[in-house]
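*Asks:* Okay, here's the prediction I keep looking at, along with the sequence it came from:
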Amino acid sequence: MIDPPRADPRRVRSSSSRMTATASGSGTPDAPTSPRGMSSARISLGKVLRPESKNYFLLLGVTLFLVGLGLVMVLSSSSVESYEAGDGYFGLFWRQATFAMIGVPLMLIVSRFPARFWKKWAWMFLLVAMGLQLLVFTPLGYEIGGNRNWIEIGGFTAQPSEAVKLALVVWLGLVLTIKQPRLLEWKHALIPVIPFAGLSIGLVLLGGDLGTVVIMALIVFSALYFAGVRLRYIAIPVVAGAVLFLIMAVTSANRMQRIMAFFGDGKGDYENADWQSTHGTWALANGGLWGVGLGNSRAKYGWLPAISNDFIFAAIGEELGLIGAVLVLGLFVFLAVMFIRVIRTSDDSFVRITTGAIMAWIIGQALVNIGVVLGVLPVLGVPLPLLSSGGTALLTTLVAIGIVLSFARERGRPTPQQSRRSPARRPQSSGVTR
């Protein structure tokens with residue numbers, strides 16, 4: 001005789017509990033209160049509130065400190081100039097603060113974009129930036145100090161060459177990453193990098209802004225270096241760029257005058273060709289060790305042109321002294337260390353090349369600006385990143401740092417392709433044979 005199948009005691013208990021709950025009027029238990037639903041909610045919330053890496057916060061912190069210090073120094077150094085222009089003591093400061101209030105949130109937004117976003121739109125960014133640079137040769141463009149490198153639309157002024165620098169670093173990262181396996185061949189190492197980069201630099205050079213051209217050339221050579229291109233291949237465009245630099249310097253009376261003043265012909269002629277450089281040195285000397293105090297600069301009373309822009313380091317040295325000047329140098333060194341840490345902790349060629357190009361842009365431009373103020377370089381007319389007045393330069397620099405912040409966020413996180421390739425974990429056997 002065959003025994004009838006026995007009922008599973010677990011099913012009996014589950015059915016009796018549901019019947020009891022229905023009879024008592026409590027209804028069926030809600031799904032979200034189940035342990036599985038609560039676990040899913042914790043996982044989703046953990047993705048949103050996942051802490052960023054230490055590199056992210058250190059890079060963000062030093063950037064915000066430099067922006068804040070820059071606003072203070074712009075207010076101090078530009079108050080007299082703004083008052084004489086009829087904008088009150090805070091005219092130039094409010095404009096710079098407005099760009100900072102736009103730039104900092106924009107930097108944080110950019111830091112959320114993945115690297116694949118920049119790879120997808122790199123070509124478009126470069127073409128649009130080059131199109132904007134062409135506008136300086138239309139009636140929208142205007143000239144300052146012999147350089148036709150600005151446009152004005154509806155009372156709003158901008159410097160398109162800053163956008164070209166930003167697009168160039170992303171484009172170089174993409175192209176050199178694609179060509180990474182074949183960079184040992186000179187054709188693939190230099191083409192199409194040199195033609196397209198040369199075209200973008202040439203558009204800026206046509207406007208006469210030799211200082212920006214020097215920084216852009218530094219960006220290109222640094223990207224080639226971080227991509228692993230052989231140094232003898234890089235030497236070819238370096239020599240060509242040096243020859244072009246000499247030609248542009250000789251063909252401009254203004255540039256030639258500044259270069260000759262730097263090398264001794266006119267040195268000490270502080271009322272003419274050497275005015276700006278000499279008065280910048282005097283401002284630094286007046287500051288001494290501790291400075292004359294914040295807001296007490298004497299050079300800003302018409303003695304030092306562009307003191308809130310190209311020569312803001314002289315204002316820092318005069319008001320904050322040698323201590324303040326060394327602090328600024330230390331902050332840029334710390335910023336460079338953060339860039340290097342992002343490069344070293346990434347195995348993505350695009351991240352390394354793009355971050356290296358951005359580091360060359362920001363740190364290289366800072367060293368050039370400080371070298372001009374100290375008198376070790378001729379006057380080139382490049383601002384001090386994050387500190388000098390200038391809305392377009394501040395916005396593009398913050399966006400560039402935002403790109404590096406996005407790389408710092410993605411460090412150690414698997415890409416969607418890696419997640420799809422990773423095999424699903426199998427449940428471990430409990431050792432019970434069923």
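*Replies:* Now that the structure is in, tell me what you want to look at. Residues are numbered from 1 along each chain as shown.

*Asks:* where does this structure have low pLDDT?
*Replies:* Confidence mapping of the chain against pLDDT under 70 gives the ranges 1-51, 252-255, 261-273, 411-434.

*Asks:* so who does residue 103 touch?
*Replies:* Residues in contact with residue 103 (Cβ atoms under 8 Å, 6 or more residues apart in numbering) are 67, 394-395, 398-399. (Each C-beta comes from the backbone N, C-alpha and C, glycine too.)

*Asks:* So which of these sit within helices?
*Replies:* Counting by DSSP state H, the contacts of residue 103 place 67, 394-395, 398-399 in helices.

*Asks:* Residue 128 belongs to a helix?
*Replies:* Yes - following the definition DSSP: H, G, I helix; E, B strand; the rest coil, residue 128 is counted among the residues of a helix.

*Asks:* Hmm, it is touching residue 167, no?
*Replies:* Yes - in this structure, residue 128 sits in contact with residue 167. The criterion is Cβ atoms under 8 Å, and the distance is 7.3 Å.

*Asks:* Would you list the buried entries among the ones in helices among the contacts of residue 103?
*Replies:* Neighbour-count burial (16 or more other Cβ atoms under 10 Å) applied to the ones in helices among the contacts of residue 103 gives 67, 394-395, 398-399.

*Asks:* Okay, strands next: where are they in the protein?
*Replies:* Remark: strands assigned in the chain by DSSP state E are 141-144, 147-153, 156-158.

*Asks:* Which strands or helices does the second one pack on?
*Replies:* If I follow you right, that is strand 147-153. Packed against strand 147-153, as judged by 3 or more Cβ pairs under 8 Å, 6 or more residues apart in numbering; DSSP states H and E, are the following elements: strand 141-144, strand 156-158, helix 160-178.

*Asks:* how far out from the middle of the chain is it?
*Replies:* The chain centroid and the centroid of strand 147-153 are separated by 22 Å, computed with Cα atoms, centre = their mean, to the nearest Å.

*Asks:* What are the contacting residues of it?
*Replies:* Strand 147-153 has contacts (Cβ under 8 Å, 6+ apart) with 132, 135-138, 140-144, 157-161, 204, 207-209, 212, 381.

*Asks:* cool, and stretch 233-248?
*Replies:* When contacts are taken as Cβ under 8 Å, 6+ apart, the neighbours of stretch 233-248 outside the stretch itself are 186, 189-190, 194, 198, 205, 210, 213-214, 217, 220-221, 224-225, 255.

*Asks:* switch the cut-off to 10 Å
*Replies:* Among residues not part of stretch 233-248, those counted as contacts by Cβ atoms under 10 Å, 6 or more residues apart in numbering are 183-190, 193-194, 197-198, 201-202, 205, 208, 210, 213-214, 216-218, 220-222, 224-225, 231, 255, 259.

*Asks:* buried subset of the contacts of strand 147-153?
*Replies:* Burial by neighbour count, judged by 16+ other Cβ under 10 Å, picks out 132, 135-136, 141, 158-161, 204, 207-209, 212, 381 from the contacts of strand 147-153.

*Asks:* Adding distance to residue 248 as columns, could you present those in TSV?
*Replies:* Converted to TSV, these look like this (distance: Cβ to Cβ, whole Å):
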residue	distance to residue 248
132	22
135	22
136	17
141	19
158	24
159	19
160	19
161	15
204	11
207	11
208	8
209	10
212	12
381	13
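
*Asks:* and which of those residues is nearest residue 389?
*Replies:* Out of the buried ones among the contacts of strand 147-153, the one with the shortest distance to residue 389 is residue 159. That distance is 12.2 Å, counting by Cβ to Cβ.

*Asks:* so who does the closest one touch?
*Replies:* Shown here is residue 159, whose contacts under the criterion Cβ under 10 Å, 6+ apart are 132-133, 136, 144, 147, 149-151, 165, 204, 207, 209, 212, 383, 390-393, 396.

*Asks:* What of residue 81?
*Replies:* With contact taken as Cβ under 10 Å, 6+ apart, residue 81 is in contact with 87, 89, 91-92, 300-302, 305-309, 389.

*Asks:* what do you get for residue 137?
*Replies:* With Cβ under 10 Å, 6+ apart as the criterion, the residues that contact residue 137 are 148, 151, 203, 206-207.

*Asks:* can we see that at 8 Å?
*Replies:* Residue 137 is in contact with 148, 206-207, counting by Cβ under 8 Å, 6+ apart.

*Asks:* go on, residue 391?
*Replies:* When contacts are taken as Cβ under 8 Å, 6+ apart, residue 391 is in contact with 95-96, 98-99, 158.

*Asks:* go on, residue 119?
*Replies:* Counting by Cβ under 8 Å, 6+ apart, the residues that residue 119 touches are 173-174, 177, 350.

*Asks:* what does residue 302 give?
*Replies:* Listed by Cβ under 8 Å, 6+ apart, the contact set of residue 302 reads residue 80.

*Asks:* again, but for residue 102
*Replies:* Residue 102 makes contacts with residue 395, as judged by Cβ under 8 Å, 6+ apart.

*Asks:* Likewise for residue 183?
*Replies:* Residues near residue 183 by Cβ under 8 Å, 6+ apart: 176, 189, 227-229.

*Asks:* and the residues you listed as a markdown table, adding distance to residue 321 and neighbour count?
*Replies:* Converted to a markdown table, the contacts of residue 183 look like this (distance: Cβ to Cβ, whole Å; neighbours: other Cβ atoms under 10 Å):
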| residue | distance to residue 321 | neighbour count |
| --- | --- | --- |
| 176 | 43 | 25 |
| 189 | 47 | 21 |
| 227 | 42 | 23 |
| 228 | 43 | 14 |
| 229 | 43 | 21 |
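
*Asks:* Filter those residues down to just the ones in helices.
*Replies:* For the contacts of residue 183, secondary structure assignment (DSSP H) places 176, 189 in helices.

*Asks:* Could you check how far residue 203 is from residue 237?
*Replies:* From residue 203 over to residue 237 the distance is 17 Å, taken as Cβ to Cβ, to the nearest Å.

*Asks:* now the contacts of residue 81 as CSV including distance to residue 373?
*Replies:* Putting the contacts of residue 81 into CSV (distance: Cβ to Cβ, whole Å) gives the following:
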residue, distance to residue 373
87, 25
89, 24
91, 24
92, 19
300, 14
301, 18
302, 18
305, 13
306, 11
307, 10
308, 13
309, 12
389, 15
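
*Asks:* now the residues you listed: which count as buried?
*Replies:* 91-92, 300, 306-309, 389.

*Asks:* would you list these in CSV and tack on distance to residue 322?
*Replies:* As requested, those are exported to CSV (distance: Cβ to Cβ, whole Å):
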residue, distance to residue 322
91, 30
92, 26
300, 19
306, 22
307, 18
308, 21
309, 22
389, 23
